[in-house]
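**Q** Predicted model and sequence below, questions to follow.
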Amino acid sequence: MNTILIKAATLVNEGKIYVADVYIKDGFIHEIGPDIDKPAGQVINAEGLHLLPGMIDDQVHFREPGLTHKADIFSESMAAVAGGITSFMEMPNTVPNTLTQELLADKYTIASEMSLANYSFFMGASNNNLEEVLKTDPAKVCGIKVFMGSSTGNMLVDNEQVLENIFKEAPILVATHCEDEMTIQRNMAAYKEKYGDHITIDMHPLIRSAEACYLSSSMAVALAKKHHTRLHILHISTAKEVALFDAITPLAEKRITAEACVHHLWFDDRDYATKGNLIKWNPAVKTEADKDAILKGVLDGHIDVIATDHAPHTMEEKAQPYLQAPSGGPLVQHALSALLEMYHDGKISLEKIVEKTSHNLATCFQIDRRGFIREGYWADLVLVDLNDPVKVTKNNILYKCGWSPFEGQTFKADITHTFISGNLAYYKGKFMTNETGKRLAFNR
C-alpha cells in the first residue's frame, strides 16, 4: 500500500483557499481534512506551501516519433513535471503524422514506457483520412486535431467538403488550429515582393495576421453551430476572436470552447526586438491590446482554459533567418511559474489559475477523476512556495532543446513537489523515475 500524508497545506481548489491535510492512498486522494492522523509511508510538512491540482496541458508537441533531436516524450514530460504539469495531451504532427489508429496506438505505447506525466494523444485529421478519424474511441482519446492553417506534413485540412464532413461526423471533441491559409499566403507574397528575402521577425504578426485568425476561427464556429460539433479552438491570439465565444453558458454545457496560451498572455509584439525568433509562434504573438483582451477573456469566461502549445526546436533551427526559422518554443517547465508571476503582479488570482489550468480542462475534456482536489480522485497535485524566487538559467532548463524564451527571468514562486497519480515524481530538482504516468480516461 502506497500512502502519503501532506500536512498543513494551503489548498487552492474550486474557488476556495484553506488549510488542510491530504491523505493519499494507492494513487487516490483518500481523505481531505484538518489534523488527519493516519500512518503513512511518507509524511510531507507543507506548512506555508500552496497545494494546487496539477496543471493539465491540452496542447503540447513532444516531437516523438521522428523529431527526437528536438525533444522526446521522456525529456519533455520530465520538464512538464518539474513545471507542475501532471497531465498532457500531445499533438499529431510528429513524423509520421498520427493519421492512422495504428500510429496513434504506437504513441500510447511509447508514453506507457517513457512518460513521467499522465498522457493522452490527439488523432490527426487530413484531407483524406476521415475513415480512420471516425474510428477514434471517445473514452480513450482526448480528441481530433484539425489544422485549418499551415502545419507539418500532410495535415493542412483545406478541402471544404472534408472539413464539413469532419465537423458533421466527428464522434469526439474537435480541436482546431485556426489561421486562414489563403490570407497568410497573400500577405507573405506582398511582403516578399516588397522585402525579398529580408523579411524580419517583427513582420510575423502582420503576415500571420489577426484577419487570418478571425476568418478561420469564425468559419470553425459557424461549422460547429451548423453541425452541433463539440469544438475547441486552440491558442486564441487576437482581441477580435475573443468575441466569438460564449461567456454565459456553464462550461459543462458548452459545445464551443476556447484556449489561451501562456505566450499570448505574456509576450506582445514589442518583445520581438529582444527575443526575435525565440517567440516566433503560429499563431503569432500580436499587439499589447490583443494580449490584454485575451487575459480579459480568460478572466470573464469567454476563454475557458490556459495551455502551453509547447513546441520545441533546436537553437540552431531558431537561429536561422526569419523565413527559415520554424515556429514554436518550449514552455511546459515555466508555464505555471509564469502564471504565478502574473498572480504576483495582480493580474489573475490563484483560484482563477487553478480553474483555467486544471478544473476547466477536466470539465472541457470530460477527464475521468482528475483536475480537482477531491476525495476519490487521482492525486495529481503540486506544492508551490509562492515566495522562493528562481531564476531561469541554462543550468536549470530541462528541455532537450536546451533553451527557453524565459531565460534570464526570475520568477517569484518555486514549484517544490509534483505528485503524479499518487506518486511523488518530483521534489526540488530531483525526479523519481521508477513510476510512469497513466493514460487519461474520459467520461464520454
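**A** Ah, there it is.
**Q** Any figure for the gap between Tyr108 and Leu11?
**A** Relative to Leu11, Tyr108 is positioned 32 Å away (criterion: C-beta to C-beta, to the nearest Å). Bear in mind the C-beta positions are built from the backbone N, C-alpha and C, glycine included.
**Q** and what of Glu90?
**A** Relative to Leu11, and taking C-beta to C-beta, Glu90 is found at 29 Å.
**Q** The two: which is more packed in?
**A** In this view Glu90 and Leu11 are compared by other C-beta atoms under 10 Å, and Glu90 has more residues nearby, 28 against 22.
**Q** got the contact list for that one?
**A** 60-62, 73, 107, 111, 119-122 (C-beta atoms under 8 Å, 6 or more residues apart in numbering).
**Q** for Cys364, same thing?
**A** The contact partners of Cys364, by C-beta under 8 Å, 6+ apart, come to 58, 232, 251, 257, 304-305.
**Q** same deal with His204?
**A** In this structure, His204 makes contact with 272, 280, 284-285, 322, judged by C-beta under 8 Å, 6+ apart.
**Q** that's a helix at Lys352, yeah?
**A** Yes - if the criterion is DSSP: H, G, I helix; E, B strand; the rest coil, then Lys352 is within a helix.
**Q** now the helices: where do they sit in the stretch 1-150 of the chain?
**A** In the stretch 1-150 of the chain, the segments counted as helices under DSSP state H, counting those that start in this stretch are 73-82, 101-114, 130-133.
**Q** Buried deepest among those helices, which one?
**A** helix 73-82 (a mean of 27; mean count of other C-beta atoms under 10 Å).
**Q** and it, what does it pack onto?
**A** Using 3 or more C-beta pairs under 8 Å, 6 or more residues apart in numbering; DSSP states H and E as the contact criterion, the secondary-structure elements in contact with helix 73-82 are strand 55-60, strand 85-90, helix 101-114, strand 414-420, strand 423-427, strand 430-431.
**Q** Residue ranges in the stretch 51-200 of the chain under the pLDDT threshold?
**A** Scanning the stretch 51-200 of the chain for pLDDT under 70 picks out 149-154.
**Q** ok, the spatially closest residue to Asn387 that is not a sequence neighbour to Val174 distance?
**A** Sequence neighbours aside, Lys412 is the residue nearest to Asn387 in space, at 6.7 Å (criterion: C-beta to C-beta, 6 or more residues apart in numbering). Taken as C-beta to C-beta, the spacing of Lys412 relative to Val174 amounts to 38 Å.
**Q** Which one of those two is surrounded by more residues?
**A** Neighbours per residue (other C-beta under 10 Å) separate Lys412 from Val174, with Val174 holding more: 25 against 16.
**Q** Make sure that one is actually in contact with Leu234.
**A** No - in this structure Val174 lies outside contact range of Leu234 using C-beta atoms under 8 Å: 10.7 Å.
**Q** ok, the closest residue to Val95 other than its chain neighbours to Thr94 distance?
**A** Leaving out its chain neighbours, the residue that sits closest to Val95 by C-beta to C-beta, 6+ apart is Gly66, at 2.7 Å. In this structure, Gly66 and Thr94 are 5 Å apart, going by C-beta to C-beta.
**Q** And for Leu336?
**A** Counting by C-beta to C-beta, the separation of Leu336 from Thr94 is 25 Å.
**Q** Pretty sure Leu104 sits against Val141.
**A** Yes - here Leu104 reaches Val141: they are 7.2 Å apart, a contact under C-beta under 8 Å.
**Q** Overlap in contacts, the two.
**A** Shared contacts of Leu104 and Val141, defined by C-beta under 8 Å, 6+ apart, are found at 121, 123.
**Q** Give me the neighbour count for the closest residue to Ala325 other than its chain neighbours.
**A** Of all residues beyond its chain neighbours, the one nearest Ala325 is Asn277 (4.2 Å), with distances taken as C-beta to C-beta, 6+ apart. Neighbourhood size, Asn277 [other C-beta under 10 Å]: 22.
**Q** that older thread, and which of the contacts of Glu90 is nearest Glu317?
**A** Nearest to Glu317 out of the contacts of Glu90 is His61 (C-beta to C-beta; 13.6 Å).
**Q** so that closest one sits right up against Val95, yeah?
**A** No - under the criterion of C-beta under 8 Å, His61 makes no contact with Val95, lying 11.5 Å away.
**Q** between these two, who's got more neighbours?
**A** The neighbour comparison of His61 against Val95 (other C-beta under 10 Å) goes to His61, with 23 against 13.
**Q** Identify the residues contacting the more buried one.
**A** Applying C-beta under 8 Å, 6+ apart to His61 gives the contacts 71, 90-91, 93-94, 309-312, 328.
**Q** Try it again at 6 Å.
**A** Listed by C-beta atoms under 6 Å, 6 or more residues apart in numbering, the contact partners of His61 are 91, 311.
**Q** swap in Leu340?
**A** By C-beta under 6 Å, 6+ apart, the contact list for Leu340 reads Ala413.
**Q** The same query, at a cut-off of 8 Å, please.
**A** Residues 353, 384, 386, 411-413 are the ones in contact with Leu340 under the rule C-beta under 8 Å, 6+ apart.
**Q** Would you tell me which one of those comes nearest to Asn443?
**A** Asn443 has its nearest neighbour among the contacts of Leu340 in Ile353, at 24.3 Å by C-beta to C-beta.
**Q** element containing the closest residue to the closest one other than its chain neighbours?
**A** Leaving out its chain neighbours, the residue that sits closest to Ile353 by C-beta to C-beta, 6+ apart is Leu339, at 5.0 Å. Counting by DSSP states H and E, the element that carries Leu339 is helix 335-344.
**Q** That helix versus strand 414-420: what angle between them?
**A** Here helix 335-344 runs at 130 degrees with respect to strand 414-420, directions being taken by axes from the mean of the first three to the mean of the last three C-alpha atoms, to 10 degrees.
**Q** okay, the helices and strands packed on helix 73-82 in JSON lines with distance to Asp158 next?
**A** Rendered in JSON lines, the data for the helices and strands packed on helix 73-82 read as follows (distance: least, C-beta to C-beta, whole Å):
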{"stretch": "strand 55-60", "distance to Asp158": "21"}
{"stretch": "strand 85-90", "distance to Asp158": "23"}
{"stretch": "helix 101-114", "distance to Asp158": "22"}
{"stretch": "strand 414-420", "distance to Asp158": "39"}
{"stretch": "strand 423-427", "distance to Asp158": "41"}
{"stretch": "strand 430-431", "distance to Asp158": "42"}
